[in-house]
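Visitor: predicted model and sequence follow; I will ask about them next.
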Amino acid sequence: MKLGAFSISLNVKDLNTSKEFYEKLGFEILAGNMEANYLIMKNENSLIGLFQDMFDGNILTFNPGWDENGKNIANFDDIREIQDHLTNKEVITDASIDPATTGPASMMITDPDGNVILIDQHR
């Protein structure tokens, strides 16, 4: 199963303070903007999403169909295929994606320790 690009989405108290901290670690802005209260920061193949006042806790994020630069990849497992695989493995998702649809969709699952995983397909 191909889940796509991986990042961690951090719930931050102050976006600018977090931005400056991660810049000191060599991260640069890849996407997002301060006015929208989020930034996607990149250092080589590592991605960190910084989100202020958007959700509680931190989230592991996978983006089917994207590489670590947010670029489309040719061969990927559609989120509906991933959902079917997870359902067959008895992994409970937060919502069901209609298998007759195509394109963007997302779902969330929770691991045994309560960590939230977002699978977010943008295309």
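Guide: In hand now; what should we look at?
Visitor: when you work out contacts or count neighbours from here on, use the C-alpha atoms and nothing else.
Guide: OK.
Visitor: could you report the pLDDT at the residue nearest in space to the middle of the chain?
Guide: By C-alpha atoms, centre = their mean, the mean C-alpha position of the chain lies nearest to Thr61, the distance being 2.8 Å. We have a pLDDT of 95 for Thr61.
Visitor: can I assume Thr61 is in contact with Ser7?
Guide: Yes - Thr61 is within contact range of Ser7, at 5.2 Å (criterion: C-alpha atoms under 8 Å).
Visitor: to what extent is Asn115 buried, counted in neighbours?
Guide: By other C-alpha atoms under 10 Å, 13 other residues sit near Asn115.
Visitor: repeat that for Val91.
Guide: Val91 has 13 nearby residues by other C-alpha under 10 Å.
Visitor: how much space is there between it and Asp111?
Guide: 9 Å (C-alpha to C-alpha, to the nearest Å).
Visitor: which stretches of the chain have low pLDDT?
Guide: The chain contains no residues with pLDDT under 70.
Visitor: all helices of it, in order?
Guide: For the chain, applying DSSP state H gives helices covering 15-24, 79-88.
Visitor: how about those, which one is nearest Asn115?
Guide: helix 79-88 (16.4 Å; C-alpha to C-alpha).
Visitor: which strands and helices sit next to that closest one?
Guide: Contact analysis of helix 79-88 by 3 or more C-alpha pairs under 8 Å, 6 or more residues apart in numbering; DSSP states H and E lists strand 116-121 as its packing neighbours.
Visitor: what residues does the strand it packs on touch?
Guide: 3, 58-65, 78-79, 103-111 (C-alpha atoms under 8 Å, 6 or more residues apart in numbering).
Visitor: could you measure from the nearest residue to Asn58 once chain neighbours are set aside over to Thr93?
Guide: Counting by C-alpha to C-alpha, 6 or more residues apart in numbering, the nearest residue to Asn58 once its immediate chain neighbours are dropped is Leu10, at 4.7 Å. With distances taken as C-alpha to C-alpha, Leu10 is found 21 Å from Thr93.
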